[in-house]
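>>> dropping the sequence and predicted coords here.
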Amino acid sequence: MTARLDDLGDRLVVVGEGARRNALTPEYYAVLAEALRLAGEPRVAAVILHGEGGYFCAGGDLRLLATRRDLPRPERLDRIEALHDLVRGIMACPVPVIAALEGGAAGAGASIAFACDMVVAARGATVSAAYVKAGLVPDGGLTASLAATLPRPMLMRMALLGEAVAIERLHDLGAVSDLCEPGDALAAAHALADRLAAGPRAAQATIKDLVAAAYHTAPLAQMDRERDAMADAVAAPEAAEGIGAFLAKRVPDYRSLP
């Protein structure tokens, strides 16, 4: 899969363009890595991932994977780490990352989608962890991402049989944040990005860190994190604007803050 990066100022859109349902390639890795690097700039409020051709991403290209079987194990590990570096980058991105999912996501494509902070998916789409059908196992953090929302028996069935799961079912279980009509996923993701761009950027970044930590932090330790974050937030310019706007019954203008 080739890819392009659309830099729209307050958001970055990574668009997969390729045959075989946008199977992953090194070119896509490079474009996504560049988007994650640029996401550290203050002007950026969100990153959107999307695939052209009515399908999000079919995951790793089996033709490329077939060439790796004879590589020494350290080299095989390095190739997998390239994917894992991207997934870690999505998770650590300072702004929200939104997957705009049309048609479906499979394998590492699903890993990338569910590493995102929000998944906007078109009705009728499917998700599959079909590694087992090729004698392979999940990577890219897919089991960790889905285990955070799916019941264990469902994830076991999904991974052991490689069955596709309807996006509507994943939405009902909380793994998908928003549903839309087919063809509208990118527009719906932009609508979310619009709302994020109008919000308090520093507070959003802190919230993203808090939520991510909540899944692997003990409750009392998480309360300490929240205490420290709130003590900092209440003294920040965003809180002054937000509280002032609430008391004055006006819309806060976070964009005007330095």
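Great, that's in hand.
>>> contacting residues for the residue lying closest to Ala239 once chain neighbours are set aside?
Nearest residue to Ala239 in three dimensions, chain neighbours excluded: Ala233, at 5.7 Å (Cβ to Cβ, 6 or more residues apart in numbering). The way it works is simple: take the backbone N, C-alpha and C, and place the C-beta from them, glycine included. Contacts for Ala233 (Cβ atoms under 8 Å, 6 or more residues apart in numbering) come out as Ala202, Ala203, Thr206, Ala239.
>>> and those, which is closest to Arg73?
Using Cβ to Cβ, the shortest approach to Arg73 within the contacts of Ala233 belongs to Thr206, at 40.2 Å.
>>> and the closest one, how many neighbours?
Using other Cβ atoms under 10 Å, Thr206 has 20 other residues around it.
>>> for it, report the pLDDT, please.
Per-residue pLDDT puts Thr206 at 98.
>>> tell me the helices and strands packed up against the helix ranked longest in the chain.
The residue-count maximum for a helix in the chain (DSSP state H) belongs to helix 73-92. Applying 3 or more Cβ pairs under 8 Å, 6 or more residues apart in numbering; DSSP states H and E, one finds that helix 73-92 contacts helix 26-38, helix 108-115.
>>> can you give me the offset of the last one from its chain's centre?
Chain-centre distance of helix 108-115: 7 Å, with Cα atoms, centre = their mean, to the nearest Å.
>>> same check on the longest one?
Distance of helix 26-38 from the chain centroid (Cα atoms, centre = their mean) equals 14 Å.
>>> check stretch 57-64 too.
The answer for stretch 57-64 is 19 Å, by Cα atoms, centre = their mean.
>>> farthest-separated two in the contacts of Ala233?
The largest separation in the contacts of Ala233, counting by Cβ to Cβ, is between Thr206 and Ala239 at 11.4 Å.
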